[in-house]
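Enquirer: Turn this into a structure:
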Amino acid sequence: MFHFSGLTFILTYFCITTSIFGSIEKEPQCVSRFDYEFKVVQKLAELENKLKEQQQTIESLQHKCTGDVVSDNQVAFSASLTGDMTSVPNHRIIIFNEVQTNVGGAYNGKTGIFVCKIPGVYVFYWVTTNKDRTWMDSELVINGEKRGQTFSDAGNHDDYSVASNIVVAELRFGDQVWIRSGTWHNGNLAGSHRTSFSGWILYMR
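Expert: As a prediction, this is how the structure comes out:
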């Protein structure tokens, strides 16, 4: 009976110690259960610290990458008309030839067309000016579709008349935006930077 109980005790002790200390190679070497639990907690703390360091590294990289993306995706332009326009036909694109600001290079001062390179929500603002008994209606157009309109009319006076409007629109890559003359006008616009077109991205999509 003694030999059986001793053998059972030895086997039981061997199984317990093996399962605790020897079954996993990466577990800490310990001399007691308290020592084992302490070292496990210590190991978990080390792993937690490493995870925090990795998280900080990831956040730092994300911040750098996000900063690069934002700087590469800023869009804003402002252009104006330098000379007076006369005899403008219906639906003629108004070319704001002097470009003061063109962050992102999306507005073309030779064609008068803004081409979306970064999908997102944009704000467009334009001003038309007429002088000395002339009048003009203008339209903001996106891909051939009228999205906004202005009308400036000096009436029967030798004076200036100004009109403006603003349009907020969601654009996809390649969408085109421009200002054109309408259909009720006598074909005149005042230059000297009194007629202008501006736009900027509100946020990306």
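Enquirer: Report the mean confidence score over stretch 156-169.
Expert: Averaging pLDDT along stretch 156-169 yields 92.
Enquirer: Oh, that last question was meant for stretch 77-96, not what I typed.
Expert: Mean pLDDT, stretch 77-96: 94.
Enquirer: Residue numbering should commence at 523 henceforth.
Expert: Shifting the count to begin at 523 puts that one at stretch 599-618.
Enquirer: domain assignment for this structure?
Expert: What automatic domain parsing lists as the domains of the chain is 524-593, 597-726.
Enquirer: Let me have the ones you listed in JSON lines, extended by mean neighbour count.
Expert: Backbone N, C-alpha and C define where each C-beta goes, glycine included. Output for those, formatted as JSON lines (neighbours: other CB atoms under 10 Å):
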{"stretch": "domain 524-593", "mean neighbour count": "10"}
{"stretch": "domain 597-726", "mean neighbour count": "17"}
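Enquirer: okay but residue 714 is in contact with residue 653, surely?
Expert: No - the pair residue 714 / residue 653 is not scored as a contact, 9.7 Å apart, by CB atoms under 8 Å.
Enquirer: which residues are in contact with both of those two?
Expert: With CB atoms under 8 Å, 6 or more residues apart in numbering applied, the contact sets of residue 714 and residue 653 do not overlap.
Enquirer: List the contacts of stretch 603-621.
Expert: 599-602, 629, 631-635, 658, 660, 700-705, 707, 709-719.
Enquirer: among the domains of the chain, which gets the worst mean confidence?
Expert: Among these, domain 524-593 scores lowest, at a mean of 57.
Enquirer: OK, contacts around the nearest residue to residue 693 once chain neighbours are set aside?
Expert: In space, and not counting its chain neighbours, residue 693 is closest to residue 638: 4.1 Å by CB to CB, 6 or more residues apart in numbering. Residues near residue 638 by CB under 8 Å, 6+ apart: 628, 644, 693, 694, 695, 696, 697, 698, 699.
Enquirer: Next one: the first one from residue 601, what distance?
Expert: Taken as CB to CB, to the nearest Å, the spacing of residue 628 relative to residue 601 amounts to 11 Å.
Enquirer: what's the answer for the third one, then?
Expert: To residue 601, residue 693 is 18 Å away according to CB to CB.
Enquirer: Centre of the chain to stretch 633-643, how far?
Expert: Remark: stretch 633-643 is offset 13 Å from the chain centroid, using CA atoms, centre = their mean, to the nearest Å.
Enquirer: Give me the distance between the two termini of it.
Expert: One end of stretch 633-643 sits 23 Å from the other (CA to CA, to the nearest Å).
Enquirer: just stretch 712-727 next, same as before
Expert: The first and last residues of stretch 712-727 sit 37 Å apart, counting by CA to CA.
Enquirer: Report the distance from it to the chain centre.
Expert: Computed by CA atoms, centre = their mean, the chain-centroid distance of stretch 712-727 equals 18 Å.
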